[in-house]
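Model the structure of this input:
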Amino acid sequence: MHRLWVLFLLLPLMAGTAAAQDANAVLQAASTAMGADILNTIQISGAGTNAAMGQNFDPVSGDLGTEDWPKFEVPSYTKTIDYDTRSSREEFTERQGRFGPRGGGGTPLLGDRQSVRIVNGDFAWNMQGTAATPAPAAAEVRQLDIWLTPHGVLKAAMAAPDATAVVFPVNGPSNPGLTQDGQERTIVSFTALGKYRVNVTINDQNLVELVQTWVANPVLGDMLYETRYVDYRDYAGVKFPGVIHAHEGDPWVNKGHNTWNILVSAVQVNPAVPAMTVPDAVRQASVPPVRAESQELADGVWLIGGGSHNSVAVEFRDFVAVIEAPLNEARSLAVIGEVERLIPNKPIQYLVNTHHHFDHAGGLRTYVALGTTIVTHPENREFYEDVVFSPAPRTLQPDRLSTLYPYFSIDREPRLETVMHIGDMRNTGYNKFVVSDGERVLDIYPVHGLAHANTMLIVYLPREKMLVNADLYSPPAPGVQPPATPSPATVTLQQNIQRLKLDVTQHVPIHGRVGTMEEFVEIVGTGTN
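Next up is the predicted model:
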């Protein structure tokens, strides 16, 4: 990640040898060329691909591997924007299509998945048919997305008091690789929404071709968030790109980065846009407080829920082990507070991380700041040490670990223990990591043969006959019929239970409620030994 920050910090230095320009003149020329000054509303349609950010099969970083975010086909895509009212409506369909079912984020998709995402000023919501679901946490980034479009970024930059422009000539003394095609480039920088530093690359035809900013991400920190615009066409005096290609994550840091790739098939200029009226339920909604609610499962074992993801706390004689640190620091702090209430005066010595997917690893840094040892799959080591626990500044959303750098003493550097993965589904080889105080035992096993993630661990408490899993199996909610066919991940879990000869009576999922082995067998069958 340090290379990303070197590049970001070098831009002002390169600007010192490139030629400064009047930002207003640059922006006005681009606005005239692209028709931004006559554009109030726009609707684009197309098709392409989308990806599940943070859900790749392998957690690759640096020069290791080439695993990108798992992709889905997008057979239809429409986005309508009203710049004057700061509102947009994005509708798209996703399907598995030609992409193999490898990774998370809903993979494999069975049939089509429909999404409707709306933002109006400071309010955001999703639509399921005629039902509106508030999405207050998404409002700021959706608002930002309006101002990162080719014409929106020009409008935002022209309104920004801090906009600056630097031109990089073809044969200039400080060419940062922007002019390899023999074209001059100008970079306009400004602050959007009072916090996001935006860099806009404008080519010598006065067309916006690259928009970059950074957004806060619990795993990657200040995460590169950029869109490339190419193959411009003219629509009634307004130029719009034929290809929209977006990145979330930097390939220098982590090979996962490609998200949207939309081939634009139609553009409507200044269409009449129905008012995106904010529903009362959306207007009254706010980001809910983080809740940590505990349920005792056995003596010294608690499920800590209260949100979309669970954790499990296990008490030992002199310490505590926690299974899973999902989502972000706020979630981890809530869980840690509940653990300290339930089990006072015992340190959290181990945090078991089931796998690397961002919704399951987003709270790891908080435990590292405590000095807790992280137990994870060996394939995660490089990614966690080089990226997740990197000392790179986190300017948009500082966390506890970032405030300790550079004073993070040597005896409190991130401690990782890994569970070796020996053998595969062709044989019975396995290894495990054991946490024990001589009385209670907690066994941690790698999962074999799984398409969801190459780094998956399951946790078994032999005395309690309790199995903890993430994303492989969740008992149906009360009143919901079990699926007619088990998911591939559930079948894989069954195969691993049988391979390891685990005697399970209780299933404890990271998502959802606790269930019995009888329920599990009803869904997946008895299988074969």
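
only C-alpha atoms for contact and neighbour calcs from this point on.
OK.

any idea whether Y473 is helix, strand or coil?
Reduced to three states with DSSP: H, G, I helix; E, B strand; the rest coil, the structure at Y473 is coil.

quick one, what contacts S294?
S294 is in contact with W302, L303, I304, G305, G306, E338, counting by CA atoms under 8 Å, 6 or more residues apart in numbering.

Now, these that are in strands?
Secondary structure from DSSP state E places W302, L303, I304, G305 of the contacts of S294 in strands.

Now the last one: closest residue in space, sequence neighbours ignored.
So the one you mean is G305. Distances taken as CA to CA, 6 or more residues apart in numbering put E293 closest to G305, at 5.1 Å, once the chain neighbours are dropped.

Then A124?
A139 (4.7 Å).

That neighbour sits in which helix or strand?
Taking DSSP states H and E as the criterion, A139 maps to helix 139-147.

Could you identify the most distant pair in the ones in strands among the contacts of S294?
Pairwise distances across those peak at 9.4 Å for W302 and G305 (criterion: CA to CA).

Quick check: neighbours shared by these two?
Listed as contacting both W302 and G305 by CA under 8 Å, 6+ apart are S294, Q295.

following the helix or strand of the chain with the lowest mean pLDDT, which helix or strand shows up next?
Of all helical and strand segments in the chain, the minimum by mean pLDDT, DSSP states H and E falls on helix 2-17, at a mean of 45. Scanning forward in sequence from helix 2-17 by DSSP H and E, the next helix or strand is strand 19-21.

C-alpha coordinates for the next helix or strand after that following strand, CSV please?
Remark: after strand 19-21, the chain's next helix or strand is helix 23-34, criterion DSSP H and E. What follows is helix 23-34, C-alpha atoms only, in CSV (Å, rounded to 0.1, in the frame of the first residue of the first chain):
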residue,chain,number,x,y,z
ALA,A,23,-8.3,25.6,-13.3
ASN,A,24,-11.4,27.6,-14.3
ALA,A,25,-10.2,27.9,-17.9
VAL,A,26,-9.4,24.2,-18.1
LEU,A,27,-12.7,23.2,-16.7
GLN,A,28,-14.7,25.6,-18.9
ALA,A,29,-13.0,24.3,-22.0
ALA,A,30,-13.8,20.7,-21.0
SER,A,31,-17.4,21.7,-20.1
THR,A,32,-17.9,23.3,-23.4
ALA,A,33,-16.4,20.4,-25.4
MET,A,34,-18.4,17.8,-23.5
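
Which parts of the protein are helices?
2-17, 23-34, 139-147, 150-159, 280-284, 329-342, 358-361, 364-370, 381-383, 400-404, 488-500, 517-524 (DSSP state H).

you'd agree V198 is up against F190?
Yes - in this structure, V198 is within contact of F190 by CA atoms under 8 Å, at 5.4 Å.

what ranges of the stretch 151-300 of the chain fall below the confidence cut-off?
Across the stretch 151-300 of the chain, the ranges flagged by pLDDT under 70 are 171-181.

Run through the strands of it in chain order.
Using DSSP state E, counting those that start in this stretch, the strands of the stretch 151-300 of the chain run over residues 164-168, 185-192, 196-203, 208-217, 221-235, 238-248, 258-269, 293-298.

So A470 versus F383, what's the distance?
Separation of A470 from F383 (CA to CA, to the nearest Å): 20 Å.

per-residue pLDDT, the residue lying closest to Y77 once chain neighbours are set aside?
Excluding its sequence neighbours, the residue lying closest to Y77 (CA to CA, 6+ apart) is F92, at 4.4 Å. On the pLDDT scale, F92 is placed at 98.

same thing with the one 10 residues further on?
pLDDT, R102: 95.

Return the residues in contact with it.
R102 makes contacts with N56, F57, P70, P108, A451, H452, A453, as judged by CA under 8 Å, 6+ apart.

So which bits of stretch 276-284 are buried?
Judged by neighbour count (16 or more other CA atoms under 10 Å), stretch 276-284 contains these buried residues: V278, V282.

Now for the spatially closest residue to F389 that is not a sequence neighbour, how many residues are close by?
Once flanking residues are discounted, F389 sits nearest to R365: 6.6 Å by CA to CA, 6+ apart. The tally of other residues near R365 (other CA atoms under 10 Å) stands at 27.

Run through the residues that contact R365.
E329, V388, F389, R400, L401 are the contacts of R365 under CA under 8 Å, 6+ apart.

Recalculate using a threshold of 10 Å.
By CA atoms under 10 Å, 6 or more residues apart in numbering, R365 lies in contact with 218-219, 325, 328-329, 332, 371-372, 374, 384, 388-390, 399-402, 414.

do P218 as well
326-329, 358-359, 361-365, 388, 394, 397-399 are the contacts of P218 under CA under 10 Å, 6+ apart.

Next one: it from V388, what distance?
Counting by CA to CA, the gap from P218 to V388 is 9 Å.

which neighbours do those two share?
A361, G362, L364, R365.

Show me how the record splits this protein into domains.
Domain assignment of the chain by automatic domain parsing yields the ranges 2-55+62-67+140-269, 293-524.

Take the ones you listed and write them to CSV, including distance to S115.
Output for the domains of the chain, formatted as CSV (distance: least, CA to CA, whole Å):
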stretch, distance to S115
domain 2-55+62-67+140-269, 12
domain 293-524, 20
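
out of those, which comes closest to G121?
Of all the domains of the chain, the one in closest proximity to G121, counting by CA to CA, is domain 2-55+62-67+140-269 (6.7 Å).

now, which of the contacts of S294 sits nearest G104?
Using CA to CA, those come closest to G104 at G305, 21.7 Å.

I figured that closest one hits E324, correct?
No - the criterion here is CA atoms under 10 Å, and G305 misses it with E324 at 11.3 Å.

Between the two, which has more neighbouring residues?
Each of G305 and E324 has its neighbours counted (other CA under 10 Å); E324 has more, 28 against 20.

Roughly how far does the more buried one sit from V368?
E324 is 13 Å from V368, by CA to CA.

now A281
From A281 over to V368 the distance is 39 Å, taken as CA to CA.

now P398
In this view, P398 and V368 are 15 Å apart by CA to CA.

Which one of those two is surrounded by more residues?
Higher neighbour count among P398 and V368: V368, with 21 against 15, using other CA under 10 Å.

What does the pLDDT read for that one?
In this model, V368 is scored at 94, pLDDT.
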